[in-house]
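Peer 1: any chance you could fold what I've pasted below:
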Amino acid sequence: MSKDNVMKTKVLQIYKYGGPEVLTWEDIDLPEPGVGEAIIRHTAIGFNFVDTYHRTGQFGNKAKFPLVLGSQGVGIVRAIGEGVNNLNIGERVTYSNLLGSYSESRIVPADRMVKLPEDISDELAAAGFLRGLTAYYLLKRLYPVQSGETILVHAAAGGAGLIICQWARAIGAIVIGTVSTDAKVEIAQSHGCDYPIVYTRENFVDKVMEITNGKGVPVVYDSVGRDTFMNSLECLSPMGMGINFGTASGQVEPFPMQHLHKKSLIVTRPTLATYISNRNDLDTASKEVFEVLRNGIVKINITGRYKLKDAAQAHYAIESRKTTGAMILLP
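Peer 2: Here you go, the predicted structure:
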């Protein structure tokens, strides 16, 4: 691609924070890749709940508008810039945690790209790569779950929850999971959740304590946030860890540290970006994710496919809290 022939590409971007209606489908210019960069033509785009945080400004960061949403993509390398020696034109690649994937084509840092194995399809990578990386660091690094341990997973029938349940079960853990409806009970059970709790009609703290004979669990994986986290702490055993890795219901309200004192609890608010910032860590995690997808330890159910230009519909759907499994966007 010459400098005299700037590429045009379609993107879905926002000019202000707000509801799904602020998403705007437009043409933008795509210049040649710079040093250490590559151009990728998307074949599939991951859709994750974190996309709604960027749309609403929940992270509190000052955005430079217009802002192209999306954090994960899969595609084919179309052009490479100077100094790029880890990619070749025509290769299939994937990436995560790089804002701007709601686009037909985009420029990306080449050192953040991961080559896709031949036996991992584009759609599977789009649906499972980011969530798989999340499950890996939650289960293997932040709190290394051991066989025989009982854990609690909130939103067990959601995209990330289903992966965490399956992977934890493969490790040998006993999985308690919360779901919002009876329809989600069977879904969670079929993906490794031993004890599903319908939290909309059952007190999940009481149920967890009943299941564990009053001992509680050593770790809670909470992606819901404000509506569940304080009660999640009540489910922990002494020296347990409460992990808040998502805020589907809103940010956790501030609370006194003294609340942790009685049982010497640990609380953390991690982010995937930190755990894959080092290239070696990214490579290790990627290999682990590809392996569990390849051997069927983790099965991904793609429950929704939306055209990229219609991504607002996916935003409405996921914010309704009625979705299960994974959704993807197709350029």
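Peer 1: what pairs with the lengthiest strand in the chain, parallel or antiparallel?
Peer 2: When every strand of the chain is counted residue by residue (DSSP state E), the longest turns out to be strand 37-47. Using DSSP bridges, strand 37-47 pairs in its sheet with strand 72-80 (antiparallel), strand 105-109 (antiparallel), strand 326-330 (antiparallel).
Peer 1: make TSV out of the ones you listed and add mean pLDDT.
Peer 2: Below are the strands paired with strand 37-47 laid out as TSV (pLDDT from 0 to 100):
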stretch	mean pLDDT
strand 72-80	97
strand 105-109	97
strand 326-330	96
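Peer 1: turn these into TSV, including mean neighbour count and distance to Val292.
Peer 2: Every residue, glycine included, has its C-beta placed from N, CA and C. Putting the strands paired with strand 37-47 into TSV (neighbours: other C-beta atoms under 10 Å; distance: least, C-beta to C-beta, whole Å) gives the following:
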stretch	mean neighbour count	distance to Val292
strand 72-80	23	17
strand 105-109	20	25
strand 326-330	23	15
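Peer 1: isn't Phe49 right next to Gly225, touching?
Peer 2: No - using C-beta atoms under 8 Å, Phe49 and Gly225 do not qualify as a contacting pair, with a distance of 10.7 Å.
Peer 1: give me the common contacts of the two.
Peer 2: By C-beta atoms under 8 Å, 6 or more residues apart in numbering, Phe49 and Gly225 have these common neighbours: 246, 248.
Peer 1: give me the distance from stretch 234-246 to the chain's centre.
Peer 2: The chain centroid and the centroid of stretch 234-246 are separated by 20 Å under C-alpha atoms, centre = their mean, to the nearest Å.
Peer 1: could you do stretch 134-141 as well?
Peer 2: Between the mean C-alpha location of stretch 134-141 and the chain-wide mean there is a distance of 12 Å, by C-alpha atoms, centre = their mean.
Peer 1: quick one: end-to-end distance for it.
Peer 2: Start to finish, the residues bounding stretch 134-141 are 10 Å apart (C-alpha to C-alpha, to the nearest Å).
Peer 1: which parts of it are buried?
Peer 2: When neighbours are counted by 16 or more other C-beta atoms under 10 Å, the buried residues of stretch 134-141 are found to be 134-140.
Peer 1: distance across stretch 81-98, terminal residue to terminal residue?
Peer 2: Here stretch 81-98 reaches across 18 Å from its first residue to its last, counting by C-alpha to C-alpha.
Peer 1: show the average pLDDT along it.
Peer 2: Confidence for stretch 81-98, expressed as mean pLDDT, is 96.
Peer 1: got the contact list for the residue most central in space within the chain?
Peer 2: If you average the C-alpha coordinates of the chain and look for the closest C-alpha using C-alpha atoms, centre = their mean, you land on Arg131, 3.9 Å from that point. Under the criterion of C-beta under 8 Å, 6+ apart, the neighbours of Arg131 are 48, 159-160, 163, 326.
Peer 1: 6 Å instead, please
Peer 2: Contact analysis of Arg131 by C-beta atoms under 6 Å, 6 or more residues apart in numbering lists 159-160, 163.
Peer 1: quick check, nearest of those to Arg269?
Peer 2: Using C-beta to C-beta, Ala160 is the member of the contacts of Arg131 that lies nearest Arg269, at 15.4 Å.
Peer 1: so the closest one sits in a helix?
Peer 2: Yes - per DSSP: H, G, I helix; E, B strand; the rest coil, Ala160 lies within a helix segment.
Peer 1: distance of it relative to Val93?
Peer 2: Using C-beta to C-beta, to the nearest Å, Ala160 is found at 22 Å from Val93.
Peer 1: and Asn244, by the same measure?
Peer 2: Taken as C-beta to C-beta, the spacing of Asn244 relative to Val93 amounts to 31 Å.
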